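K.L.:
Here's my sequence, what's the structure:
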Amino acid sequence: MPAQTRLFLCLKDNYGVLLHDPDTGSTAAIDAPEAAPVETALESTGWRLTDILVTHHHADHTGGIAELKRRHGCRVVAPEGEARRIPLVDATVRENDTVRVGGLTGRVLETPGHTGGHISYFFPADKLAFVGDTLFSIGCGRVIEGTPEMMWQSLLKLRDLPDDTRVYCGHEYTLANIRFAKTIEPDNAALAARAKEVENLLAARKPTIPSTMGEEKAANPFLRADVPELAKSVGLAGQPAWKVFAEIRERKNRF
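P.N.:
Now for the predicted structure:
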């Protein structure tokens, strides 16, 4: 049977996600911003927590680990480069390592930039990507521990995933990201369509994720820094794509 997911809000604007294998009953939390919403999601589904798959060390992604591990004895999987900064890690992973949740098989992608050792998890058979704070819907994470060039390479790695991949990110920032994106590509028809969709979702009190990688490639300016027209629009025609990305990210920082 295909994987099942349960999405829910944590803290102020974080997303928590449960990934469930119906064949074995195994369930992974993708990050653990806080314990209580994870527990509520488990109770509502009847699922049993077996794993926590951590994307990066920031406290708003790891704050619930200790309590959840105490209650459930679950395995904590974390990026090798950040394990010392994450509590109660049982296994570390790096680029192209395999992660299994019951019978579900995922692949680790190293996507540094937001943090130095950030990773993402891609489950190809189910067309699911859990990207933490590297990529947001119509946005991307701040470049905190890495460099713009590093972050651009991470975004390219995610952009190479199949267009029908469903992308789960760590925060509900989509509306604000759209407002900024319109300052970069005001005539982007795909962005206008996504803006209308997001307005309808939020009016119905529904989440704006997951999106698909195809949607992001068409409308997310942070994935489009190598489009000549976009580079020209920010005054960097002919410059390397990572420099165009850096300019867009700096504008977003000030927006």
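K.L.:
in the stretch 151-255 of the chain, which spans are helices?
P.N.:
With DSSP state H, counting those that start in this stretch, the ranges of helices along the stretch 151-255 of the chain come out as 174-184, 189-203, 213-219, 228-233, 241-254.
K.L.:
With respect to residue 57, which of these lies nearest?
P.N.:
Each of those was checked against residue 57 via Cβ to Cβ, and the shortest separation belongs to helix 241-254, namely 20.8 Å. Where C-beta positions appear, they are placed from N, C-alpha and C, glycine not excepted.
K.L.:
so what secondary structure elements neighbour that closest one?
P.N.:
helix 148-159, helix 174-184, helix 228-233 (3 or more Cβ pairs under 8 Å, 6 or more residues apart in numbering; DSSP states H and E).
K.L.:
10 Å instead, please
P.N.:
Secondary-structure packing of helix 241-254 (3 or more Cβ pairs under 10 Å, 6 or more residues apart in numbering; DSSP states H and E): strand 139-140, helix 148-159, helix 174-184, helix 228-233.
K.L.:
Tabulate these (JSON lines), appending distance to residue 192 and mean pLDDT.
P.N.:
As requested, these are arranged in JSON lines below (distance: least, Cβ to Cβ, whole Å; pLDDT from 0 to 100):
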{"stretch": "strand 139-140", "distance to residue 192": "16", "mean pLDDT": "98"}
{"stretch": "helix 148-159", "distance to residue 192": "21", "mean pLDDT": "98"}
{"stretch": "helix 174-184", "distance to residue 192": "8", "mean pLDDT": "98"}
{"stretch": "helix 228-233", "distance to residue 192": "16", "mean pLDDT": "96"}
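K.L.:
Highest mean neighbour count out of those?
P.N.:
A comparison of the helices and strands packed on helix 241-254 by mean neighbour count, using mean count of other Cβ atoms under 10 Å, puts strand 139-140 on top with a mean of 26.
K.L.:
Identify the neighbouring strands of it in the sheet and state each direction.
P.N.:
Partners of strand 139-140 in the sheet, by DSSP bridges, are strand 135-136 (antiparallel).
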